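Q: My questions are about this predicted structure, shown below with the sequence.
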Amino acid sequence: DVDGKEYIDLLAGFSVSALGQCNREIAETISTQARKLVHYFDLPHPERIELAERLAKITPIKGGKARVMFGVTGSDAVELAIRAARYYTGRPFILTAFGDYHGVTYGTMSLTGKGGMWAYFYPIPPQDTAVGYFPFPYPYQCPFGRPPEGKSEEEWCLERLEEYLEYYFGSKESPYREVKNDITNVAAFVVEPFQSSAGYIIPSPGYLKLLRKLADKYGILLIVDEIQTGLGRTGKLWATEWEGVEVDMLLTSKALGGGLPLSAVVARADILEAWGPGAHVSTQAGNVLACAAANKVLEVITNEDFLAEVRRKGDYFYNGLKELQDRHPLIGHINAKGLYIGLELVKNRETREPAPEEASFILEECVKEGMVFEKGGYFHNRFQLIPPLTIRKSTIDRALEIFDKAFTAAEKRFGIR
């Protein structure tokens, strides 16, 4: 910081700095490109063409044939996807999950199902009236309650979600049905595969498979927002790969530009081709410097040895946190895929009562000790651990020591045993 204090970074600029701060290879790539061409509006150049071809090749798009359009921010990508989905299908409704985060522009804010974010838009909240929400299958705090005996939390939560969605698709009075032709009014599901801003929550296994099944049944597009989960964060190139699902559109940003602003929509070719030229323009989209950096990022992250190392370090961090959980009753639940790690703090493991005050105290203690991360969650009681994918095991060890000390102090302060 300005006083020279160093910090363990478990935030990585919300996953933007996935390859660390001031990565030498990326810095050299940007410097080299800056001496050739910095930007030219919307005309093809080698770096942009190479990046589009790479993304089309590595993204699990249904049918295999993909097209790519670029933006500047994640919100850009989401807005582009919404417009393309409605134009292609001729339908108005977009469905997303409560707790999902898809941006903070007026267009994307309607899809960000977080009341705390909406509050900053009052007295006129986001007003896309053709957006609907459904419960996210969050097993530890399942919106459908605890499962009956003999049923796992993961199974119960997902089964209830399927019933919920089928009810609305089947009802003759549902806003999601077009009465005249008795067909669904829904253009697309726009979802995060794992909920990031909501606290790094990993849903019931089979979540994306369920949405893919319903999308195919009703002719709905499946659009996956991998802006935080993508590009190696979960130990696979895309979080979507954990379920082996092919999607109609995939949105990426954050880590893509290696620290420079860049986003992309990778979509089925027929969806974007239906638009025609000139349907979407943005002055800075596909900036040459950002595309050059992104090509270097993909060169590193698509290496299977690199991804395997992310999984190994993720397992190492997770196992260390599980050892802390054995000693600290405040830690109610841990979920992790690669270096995508979420902790949930509770006052009582039996009742699972959230512990937001304790979480705030621990965060402050960790900052004092020289470690930064994010606090969030439906009840403000979750920690989001987002280290650079290049983190060393020795740094993980030190992070665990700081957590141990902070949890001990919190349990003493709040009388939790």
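A: That came in fine, so what should we check first?

Q: Going by C-alpha atoms from here, please, whenever you check contacts or count neighbours.
A: Noted.

Q: What's the biggest helix in the chain, counting residues?
A: helix 304-327 (DSSP state H).

Q: just how off-centre is stretch 187-195 within its chain?
A: Put simply, stretch 187-195 sits 10 Å off its chain's centre (C-alpha atoms, centre = their mean, to the nearest Å).

Q: Neighbouring strands - and their directions - for the strand ranked longest in the chain?
A: For the chain, the longest strand by residue count, based on DSSP state E, is strand 340-348. Partner strands and pairing direction for strand 340-348 (DSSP bridges) are strand 331-337 (antiparallel), strand 353-354 (antiparallel), strand 382-385 (antiparallel).

Q: Dump the ones you listed to CSV, plus mean neighbour count.
A: Below are those laid out as CSV (neighbours: other C-alpha atoms under 10 Å):
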stretch, mean neighbour count
strand 331-337, 20
strand 353-354, 19
strand 382-385, 25
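
Q: Mind putting those into a markdown table with distance to Leu262 and mean pLDDT?
A: Listed next are the strands paired with strand 340-348 as a markdown table, based on distance: least, C-alpha to C-alpha, whole Å; pLDDT from 0 to 100:
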| stretch | distance to Leu262 | mean pLDDT |
| --- | --- | --- |
| strand 331-337 | 25 | 98 |
| strand 353-354 | 36 | 98 |
| strand 382-385 | 23 | 98 |
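
Q: Outline the domain layout of this structure.
A: Domain segmentation of the chain under automatic domain parsing yields 24-301, 304-414.

Q: For Asp1, which of the ones you listed is the nearest?
A: Closest to Asp1 of the domains of the chain, according to C-alpha to C-alpha: domain 304-414, at 10.1 Å.

Q: check contacts around the spatially closest residue to Val104 that is not a sequence neighbour.
A: Nearest residue to Val104, sequence neighbours excluded (C-alpha to C-alpha, 6 or more residues apart in numbering): Ser75, at 6.9 Å. Applying C-alpha atoms under 8 Å, 6 or more residues apart in numbering to Ser75 gives the contacts His102, Gly103, Val104, Thr105, Thr108.

Q: Give me the buried subset of those.
A: His102, Gly103, Val104, Thr108 (16 or more other C-alpha atoms under 10 Å).

Q: Not counting sequence-adjacent ones, nearest residue to Ile362?
A: Per C-alpha to C-alpha, 6+ apart, closest to Ile362 is Ala406, 5.4 Å.

Q: For the protein, identify the residue most remote from the centre.
A: Going by C-alpha atoms, centre = their mean, the residue of the chain most distant from its centre is Lys180, 36.8 Å out.

Q: ok, that one to Lys172 distance?
A: Plainly put, Lys180 is 11 Å away from Lys172 if you go by C-alpha to C-alpha, to the nearest Å.

Q: cool, and Glu369?
A: 58 Å.

Q: Give me the more crowded residue out of the two.
A: Glu369 (18 against 14; other C-alpha atoms under 10 Å).

Q: What's the separation between the nearest residue to that one once chain neighbours are set aside and Gly90?
A: Of all residues beyond its chain neighbours, the one nearest Glu369 is Ile402 (6.8 Å), with distances taken as C-alpha to C-alpha, 6+ apart. As judged by C-alpha to C-alpha, Ile402 and Gly90 stand 53 Å apart.

Q: more neighbours, the two?
A: Ile402 (21 against 12).

Q: what about that one, helix or strand, and which?
A: helix 393-414 (DSSP states H and E).

Q: so that helix versus strand 340-348, what angle?
A: 20 degrees (axes from the mean of the first three to the mean of the last three C-alpha atoms, to 10 degrees).

Q: coming back round to it: nearest to Asn295, of the strands paired with strand 340-348?
A: Here strand 331-337 is closest among those (C-alpha to C-alpha), at 24.6 Å.

Q: what's next to the closest one, contact-wise?
A: 140, 201-202, 234-235, 311, 314, 318, 321-322, 325, 341-346, 348-349, 352.

Q: Quick check: mean pLDDT of stretch 388-395?
A: For stretch 388-395, mean pLDDT is 98.

Q: In that stretch, which residues are buried?
A: Pro388, Leu389, Ile391.

Q: got it, and stretch 19-26?
A: Leu19, Gly20, Gln21, Ile26.

Q: any idea how far that stretch is from the chain center?
A: Distance of stretch 19-26 from its chain centroid, counting by C-alpha atoms, centre = their mean, is 22 Å.

Q: Stretch 330-341 too?
A: 15 Å.

Q: List the ones among the buried residues of stretch 19-26 that fall in helices.
A: Ile26.

Q: least confident pick among the buried residues of stretch 19-26?
A: Ranking these by pLDDT, Gln21 lands last with 91.

Q: The residue nearest to Ile362 and Thr240, how far apart?
A: In terms of C-alpha to C-alpha, Ala406 sits 34 Å off from Thr240.

Q: need the buried residues of stretch 388-395 in TSV with distance to Tyr164 and secondary structure, can you?
A: Shown next, in TSV, are the buried residues of stretch 388-395 (distance: C-alpha to C-alpha, whole Å; DSSP: H, G, I helix; E, B strand; the rest coil):
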residue	distance to Tyr164	secondary structure
Pro388	38	coil
Leu389	37	coil
Ile391	41	coil
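
Q: Just list the residues touching the residue nearest to His328 when sequence neighbours are not counted, thanks.
A: In space, and not counting its chain neighbours, His328 is closest to Phe407: 6.8 Å by C-alpha to C-alpha, 6+ apart. For Phe407, the contact set (C-alpha under 8 Å, 6+ apart) comprises His328, Leu330, Ile362.
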